[in-house]
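here are the coordinates; sequence isn't available:
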């Protein structure tokens, strides 16, 4: 794969996604349900491990790529010696099938084009069996199949299929690729014109539901459309990113699979969706959260798959060279087995936020689980954990984790007092919870705050800083005008900023168990802007926010991190956490504008 991480656009159908490069190559296409055995090879595998390319036969003079309005229909135009051709990519939303449609149109002149489709299954390890029939080519490997519908005259080789064709102005050819389980009949071809119109109407109507009308509407809507694309509609789950093992540092080892659902994103997700008016999506995610975390709280994981499944076994794919030599290539995520104390606060905060923002209550169903969860927090909050960043350098008393334990108790009290959770049992429990809440608060302020630095630190009795403590004002643990919070912001500005962007922490293999470094973390930089808003530093907040918007790629998309030295986005792409933070900061700035008139 020759393209930069940020040189891709995303198309999707709320079941799966494809990534399309600026040069018209699809290098990553997961099957529905993000089934690992039935996908094109990922971006980590380079061209020889799977692609679907459409390109002009002569040198390209200029390329322009944009979405068709507020949709996930991606339009790429190539201008070359003979003229201009247009490539339109989209995936029709459907509950019972997944297809990607590529329309190639002649705009002006006469353009010679080439199409190469070389699918690989099992993360590039498995070449499929290829069968050609009249107008179709079927690729099968194990449980999955792909069928290409096309009127092109294609040539079949052991690598895949190819075709050369020419389009004049006004000419068009359509290509459809459908995924289906190999033990079932292939789905029939679609009416392409009708599906394009239906897809455009679906996304346009969804975007129009956005209630935000502020100065950042375009950025907010594009971020929300991206989050919708990361949704698995049948369950309501939202994956952190659709890709796996794109590196946090080029050539490094910090390469993780993000195609799962993190509980840490829960509150931010509900805030972002509800703020923008997407009640149905917020309710579906809230319900996924309740179902997934049901049961024994001692067995709650930090992440799950899109169905709520728990087995996320981490594997290294030694046959893939890695994106720009970044190895090992990993799928699955061993962090699912970590103990992270913050997740209990995220779950209860999400329940509380949902009720406060108008989602219908279901407390008669969830009170037993709530009571069990808060009882578990009371038993384990003093234990060290692995922290929000899933470090692999050993457990510590991470300050953010303790703050979130306080959040769990605080939100349980609020659920009881404001929404009647637990009825008489809840009211009887509340006094003891208030004592526990105060005890945790005193513990964090005594051991998590370093008087010499004048800041909250990464872990108890430490001098290391960590951007996660920027969330303290978000949680209500302390107000933004508290001197300890202001000192923390100042310390992070001094020690964790790199070229104006925030690092999560000073990377060190003694802290996270891994060699090398990483880029600046985009969500953390948005959190710094949030703190500026909370503290009334509005001009600084806007300046930082505007600078963050300039990091987005040509389509308004963000990865997980940004490497200032290279001027490149790094990490999995597009990253839901980054887009959630973008929406939240826009909401805070808008709320300030509304409050000040």
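That came through, no problem. Please read these numbers as outputs of a predicted model, since none were measured by experiment.

tell me which residues in stretch 268-284 are buried?
By 16 or more other C-beta atoms under 10 Å, the buried positions in stretch 268-284 come out as 268-276, 278-279, 281-284. (Glycine included, C-beta is placed from N, CA and C.)

Check which element follows the helix or strand residue 487 falls within along the chain.
Element membership for residue 487, per DSSP states H and E: helix 483-495. Next in sequence after helix 483-495, counting helices and strands by DSSP H and E, comes strand 497-498.

isn't residue 14 right up against residue 229?
Yes: counting by C-beta atoms under 8 Å, residue 14 touches residue 229, with 7.0 Å between them.

coming back round to it: filter the buried residues of stretch 268-284 down to the ones in helices?
The members of the buried residues of stretch 268-284 that map onto helices under DSSP state H are 268-275, 279, 281-284.

Just give me the closest of these to residue 457.
residue 268 (23.2 Å; C-beta to C-beta).

which residues does the closest one contact?
577, 580, 581, 584 (C-beta atoms under 8 Å, 6 or more residues apart in numbering).

Make sure I have this right: residue 76 is in a strand.
Yes: counting by DSSP: H, G, I helix; E, B strand; the rest coil, residue 76 falls inside a strand.

For it, give me its contacts.
20, 22, 24, 63, 64, 65, 86, 87, 88, 89.

Show me the beta-bridge partners of it.
Per DSSP bridges, the residues bridged to residue 76 are residue 65, residue 87.

what number of residues lie near residue 298?
By other C-beta atoms under 10 Å, the residues close to residue 298 number 11.

isn't there a helix covering it?
Yes: judged by three-state DSSP, residue 298 forms part of a helix.

ok, it to residue 374 distance?
13 Å (C-beta to C-beta, to the nearest Å).

Residue 366 contacts residue 287, doesn't it?
No: using C-beta under 8 Å, residue 366 makes no contact with residue 287, being 10.4 Å away.

Give me the more crowded residue out of these two.
Counted by other C-beta under 10 Å, residue 366 and residue 287 do not tie: residue 366 has more neighbours, with 19 against 15.

Who are the contact partners of that one?
290, 351.

next one: residue 429
So residue 429 contacts 371, 374, 416, 422 (C-beta under 8 Å, 6+ apart).

Kindly report the same for residue 202.
residue 93.

Can you classify it as helix, strand or coil?
helix.

Quick check: it vs residue 237, distance?
Where residue 237 is concerned, residue 202 sits at a distance of 20 Å (C-beta to C-beta).

can you check residue 412 too?
25 Å.

And residue 549, by the same measure?
Going from residue 549 to residue 237 by C-beta to C-beta gives 28 Å.

Remind me what the helix or strand containing residue 219 packs against, helices and strands.
Using DSSP H and E, residue 219 sits in helix 217-229. For helix 217-229, the packing partners by 3 or more C-beta pairs under 8 Å, 6 or more residues apart in numbering; DSSP states H and E come out as strand 8-12, helix 192-208, helix 266-275, helix 576-596.

So, low pLDDT: which residues of this structure?
1-2, 31-49, 361-364, 507-513, 597 (pLDDT under 70).

got the ones in helices among the buried residues of stretch 268-284 as JSON lines, with distance to residue 167 columns?
Output for these, formatted as JSON lines (distance: C-beta to C-beta, whole Å):
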{"residue": "268", "distance to residue 167": "45"}
{"residue": "269", "distance to residue 167": "43"}
{"residue": "270", "distance to residue 167": "47"}
{"residue": "271", "distance to residue 167": "47"}
{"residue": "272", "distance to residue 167": "42"}
{"residue": "273", "distance to residue 167": "41"}
{"residue": "274", "distance to residue 167": "46"}
{"residue": "275", "distance to residue 167": "45"}
{"residue": "279", "distance to residue 167": "45"}
{"residue": "281", "distance to residue 167": "39"}
{"residue": "282", "distance to residue 167": "44"}
{"residue": "283", "distance to residue 167": "46"}
{"residue": "284", "distance to residue 167": "42"}
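
Which of those residues sits closest to residue 303?
Of these, the one sitting nearest to residue 303 (C-beta to C-beta) turns out to be residue 269, at 13.4 Å.

residues touching that closest one, list them.
Contacts of residue 269 by C-beta under 8 Å, 6+ apart are 227, 238, 282, 285, 350, 576, 580.

can you pick the most crowded of the residues you listed?
residue 576 (29 neighbours).

Quick check: chain neighbours aside, which residue is closest to residue 224?
Spatial nearest neighbour of residue 224, chain neighbours left out: residue 276 (5.6 Å); criterion: C-beta to C-beta, 6 or more residues apart in numbering.

Ramachandran coordinates for the one you found?
Per-residue torsions, residue 276: phi -90, psi 0 (degrees, to the nearest 10).

is it true that it touches residue 220?
Yes: shown here, residue 276 and residue 220 form a contact pair, counting by C-beta under 8 Å, at 6.8 Å.

So for these two, which residues contact both of them?
210, 212, 583.

Could you tell me how many residues sit around the last one?
For residue 583, the tally of surrounding residues (other C-beta under 10 Å) stands at 25.
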